[in-house]
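K.L.:
take this sequence and fold it.
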Amino acid sequence: MSSTAYLAVAFVLLWNSGFIGAEYGLPYTGPFTLLFWRYWALTFILLLYLALRGRARWPGFSAAGLAMLVGFLAHGVWLGCVLFSLEQGVPSGIVALVVALQPMATGALSGPVTGEQTPLSRWFGLWVGFCGVIIAVGARIDLSDAGSIFGYLIPFGSVIAITAASLIQRRLEVRGHAHRLPVDLSLFYQSLATALAATVPAVGLEQLATRWDPTFIGAMSWLILGVSLAAYALMWLLIARIDATRVASLFYLGPPVTMIMAWAAFDDTLQLTDIIGLAVVAAGVVLVHKSGSLK
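P.N.:
Just a heads-up that it's a prediction; the model follows:
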């Protein structure tokens, strides 16, 4: 496999392990407080790293502001909407299905935003991948859990946020923009923006209520280092190498891969449709990436 393919595999595994980490951590705190501890810790870790490397600097308001906007969207809004919708009682299958619309949105908007058109063959792969998500998720949706209309609209915020963040970052890469920052410095400002955004609801709504159990500390450590640091760094590295639509297609692997991880971690029931869905999704992702080389 090429180096980019290895990065893609690592990204998929690390990114989707975040849902398992959240399931371990949420019984001990609220969703906004979880984001508060997660991103303030990450901010201080990155600041220490940058300071020790002599790389801590203020890149200017425009560059820092863009990085913070991308971080607020890709970390804060994306995760906040997913966690809040689950807290509102929306079935996880519905959340996964709505969030899986992101590759479609990215494919539709990448042309006007980045100038990179999505060819017909790639659109075919996107549709195949989405059908795989429907197979995997559809069998698990509990239609008896009606929830509220508002609750079902919340996951669309995740779709809008991660799509906008990906396209903004890809546009900076394509244009070789002067406001483009190195990954570590960009992650610092992204993390800082998310930590600041999470502070108000975490303090005001949840009073930072946390039960400091070893399980929670372990889950938080993984969410901070394995997901918010490593997985997001891999995503931005991939966006620097390949177009936004192909990176977005990797999110199709989320629902079936997460279901398999939940089976391994929590002994959740693994259904035949999970395996079939994963196979169809994988075929769709291969079709999306086939039209461009992975170097």
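
K.L.:
going forward, measure contacts and count neighbours with C-alpha atoms only.
P.N.:
Fine.

K.L.:
relative to residue 10, how far out is residue 44?
P.N.:
25 Å (C-alpha to C-alpha, to the nearest Å).

K.L.:
next: residue 106.
P.N.:
Separation of residue 106 from residue 10 (C-alpha to C-alpha): 21 Å.

K.L.:
neighbour count winner among those two?
P.N.:
A direct count of neighbours by other C-alpha atoms under 10 Å for residue 106 and residue 10 places residue 106 higher, at 26 against 15.

K.L.:
can you check the pLDDT for that one?
P.N.:
Note for residue 106: predicted pLDDT of 89.

K.L.:
wait, it touches residue 244, no?
P.N.:
Yes: look at residue 106 against residue 244 with C-alpha atoms under 8 Å: they come within range, at 6.8 Å.

K.L.:
sketch out the low-pLDDT regions of the stretch 1-150 of the chain for me.
P.N.:
Applying pLDDT under 70 to the stretch 1-150 of the chain flags residues 1, 91-93, 141-149.

K.L.:
which stretches of it form helices?
P.N.:
Using DSSP state H, counting those that start in this stretch, the helices of the stretch 1-150 of the chain run over 3-25, 31-52, 61-71, 78-87, 92-99, 102-114, 120-138, 149-175.

K.L.:
just the element for the residue lying closest to residue 75 once chain neighbours are set aside, please.
P.N.:
Nearest residue to residue 75 in three dimensions, chain neighbours excluded: residue 194, at 6.3 Å (C-alpha to C-alpha, 6 or more residues apart in numbering). Per DSSP states H and E, residue 194 falls inside helix 183-204.

K.L.:
overlap in contacts, residue 106 and residue 244.
P.N.:
residue 167 (C-alpha atoms under 8 Å, 6 or more residues apart in numbering).

K.L.:
need the pLDDT of the residue lying closest to residue 68 once chain neighbours are set aside.
P.N.:
Residue nearest to residue 68 in three dimensions, not counting chain neighbours: residue 190, with 4.6 Å by C-alpha to C-alpha, 6+ apart. The model reports residue 190 with a pLDDT of 95.

K.L.:
quick one, what contacts residue 190?
P.N.:
By C-alpha under 8 Å, 6+ apart, the residues touching residue 190 are 67, 68, 69, 70, 71, 72, 75.

K.L.:
turn the residues you listed into JSON lines, including neighbour count.
P.N.:
Shown next, in JSON lines, are the contacts of residue 190 (neighbours: other C-alpha atoms under 10 Å):
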{"residue": "67", "neighbour count": "27"}
{"residue": "68", "neighbour count": "21"}
{"residue": "69", "neighbour count": "20"}
{"residue": "70", "neighbour count": "27"}
{"residue": "71", "neighbour count": "27"}
{"residue": "72", "neighbour count": "26"}
{"residue": "75", "neighbour count": "24"}
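
K.L.:
quick one: the residue nearest to residue 68 from residue 108, how far?
P.N.:
Distance of residue 190 to residue 108, computed by C-alpha to C-alpha: 25 Å.
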